[in-house]
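[1] Need the 3D shape of this:
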Amino acid sequence: MSLAKPYRSVALLLDSAPRTWTSQEEIHLRLCRELKAQGICPVLVYAGELPPEPERRLRASGAEIEIVSYGHGRFRYYRELGRIIRQYSITLVHVCFFDYFSLIPWFARLQGVRCIIYEELNSGMLRATSWKKKLIQLRTLVTTWPIVRVIAVSEFVRQDMVQRGLAASQIVVKYLGVDEERFRPNPDARQHWISEYSIQPDELIMSTVTVLRPFKSPQTLVEACSLLAQHAVRAHLFVAGDGAMLSDLKEMTQRLGVTDRIHWLGYCTDPVSLLQASDVFLLASIGEAGGLALLEAMACGIPIIASRSGVNCEYVQEGRTGLLATARNPESFADAIERLTRDEHLRRTMSANSRARALQDFTVDIDVKNTLRIYESLWNDKPEVV
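    Model prediction:
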């Protein structure tokens with residue numbers, strides 16, 4: 001079925017602008033290409049200014065680009081969204097990653113759009129009970145009333161949204177996709193990092209790509225590195241990411257005496273080479289919703305050690321593509337790392353399995369195909385299983 005019949009134009013409302021090109025931007029680019037090929041005008045509405053190169057590439061896909069900041073006031077956003085809807089004759093609005101307690105779906109509905117999709121990527125677990133939980137569920141009911149379909153980026157997110165009051169029949173799970181052409185194995189990448197940081201050939205290279213925030217639990221990895229040092233496990237951890245915790249984590253690294261083992265890289269515009277050079281990828285987050293960096297590591301053929309929490313349990317096949325460690329437990333992470341350090345055959349097997357699983361289930365093209373199926377299901381007025 002051609003989507004051009006029900007949908008003349010589709011607007012994706014994005015809660016932020018990318019700092020650099022990631023698999024998420026590749027998803028938007030290929031989605032815009034597919035929509036354009038079907039005679040549909042794609043409009044990307046960003047909440048911040050785009051860097052020049054991402055904007056150029058997205059425009060080349062046939063997308064129209066609009067910049068409207070939600071932070072500059074709700075009335076202004078409502079007014080600008082109305083202009084965009086009228087200018088491009090928008091018939092479907094896809095709200096991506098805004099807090100679903102925001103009024104964005106209502107803004108679109110009050111401007112006359114009836115087909116409204118909300119996609120949830122935010123991490124979090126409902127902990128409220130009793131009357132507080134009832135209030136959250138009531139608020140959810142009110143703020144999501146205009147939404148006709150909700151996309152959860154993992155089963156973990158779907159279950160959390162049901163707890164918050166959304167009807168299970170309204171939610172469809174659609175996993176994120178990784179750009180498998182960009183994130184792919186490269187046996188030559190390791191040598192650069194060995195030379196740059198004076199790493200011995202028999203030392204393990206570990207990496208994590210993350211925002212340094214409490215729910216990511218980066219201190220767990222620092223403590224695990226301290227335990228590895230005590231056990232004489234030869235390993236280096238490279239941390240690609242920035243955030244409010246960085247200074248405290250550096251101080252912790254010094255206090256535990258592992259400054260020679262942990263390398264703080266800050267924000268990396270292109271972490272591909274680091275992932276390709278790694279023997280193990282680590283992710284210690286609690287309640288991870290989407291875990292795109294984890295998928296990118298898998299696509300590079302890297303074994304995973306992640307906390308047994310959130311979407312990590314859906315991505316990592318225990319003993320096959322990686323190992324799951326107890327959340328917030330440095331000893332559990334250290335034990336898992338030590339196991340892979342001493343078993344090269346297992347690491348190689350997991351490496352091949354990680355790449356194969358990413359290609360089978362989590363590519364950009366799979367993500368785009370499932371998104372288009374969800375769009376089509378709205379026209380048919382039935383939930384889509386992806």
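
[2] distance between the worst-scoring helix or strand of the chain on mean pLDDT and the chain's centre?
    Counting by mean pLDDT, DSSP states H and E, the chain has its least confident helix or strand at helix 130-143, which shows a mean of 84. How far helix 130-143 lies from its chain's middle: 27 Å, per CA atoms, centre = their mean, to the nearest Å.

[3] now swap in stretch 77-89 and tell me
    Mean-position distance between stretch 77-89 and its chain equals 28 Å (CA atoms, centre = their mean).

[4] From Lys134, how far off is the residue nearest to the spatial centre of the chain?
    Among the residues of the chain, the one closest to the centroid is Leu292, at 3.5 Å (CA atoms, centre = their mean). Distance of Leu292 to Lys134, computed by CB to CB, to the nearest Å: 33 Å. The way it works is simple: take the backbone N, C-alpha and C, and place the C-beta from them, glycine included.

[5] Arg158 now?
    From Arg158 to Lys134 the distance is 21 Å (CB to CB).

[6] So those two - more neighbours on which side?
    A direct count of neighbours by other CB atoms under 10 Å for Arg158 and Lys134 places Arg158 higher, at 19 against 12.

[7] Return the residues in contact with that one.
    Contacts for Arg158 were tallied using CB atoms under 8 Å, 6 or more residues apart in numbering; they are 152, 168, 171, 173.

[8] Quick one, grab the pLDDT at it.
    The confidence metric pLDDT takes the value 94 at Arg158.

[9] Excluding chain neighbours, give the residue nearest to it in space.
    Closest residue to Arg158 apart from its sequence neighbours, by CB to CB, 6 or more residues apart in numbering: Ala152 at 3.9 Å.

[10] Next up, the contacts around Arg83.
    Arg83 neighbours (CB under 8 Å, 6+ apart): none.

[11] show me where pLDDT drops low in the chain?
    1-5, 123-126, 128, 380-386 (pLDDT under 70).

[12] Show me how the record splits it into domains.
    Using automatic domain parsing, the domains assigned to the chain come out as 9-177+363-380, 189-361.

[13] for the ones you listed, which one sits closest to Phe183?
    domain 189-361 (3.9 Å; CB to CB).

[14] what separates that closest one from the chain centre, distance-wise?
    The chain centre lies 16 Å from the centre of domain 189-361; the measure is CA atoms, centre = their mean.

[15] for stretch 99-118, same thing?
    Distance, centroid of stretch 99-118 to centroid of chain: 23 Å (CA atoms, centre = their mean).

[16] now the end-to-end length of that stretch.
    Stretch 99-118 has an end-to-end distance of 10 Å (criterion: CA to CA, to the nearest Å).

[17] Tell me the buried residues in that stretch?
    100, 102-109, 111, 113, 115-118 (16 or more other CB atoms under 10 Å).

[18] Relative to Leu138, how far out is the residue nearest to the centre of the chain?
    Distance of Leu292 to Leu138, computed by CB to CB: 32 Å.

[19] ok so, going back, and which of the buried residues of stretch 99-118 is nearest Glu223?
    The closest of the buried residues of stretch 99-118, once distances to Glu223 are taken by CB to CB, is Tyr100, at 34.6 Å.
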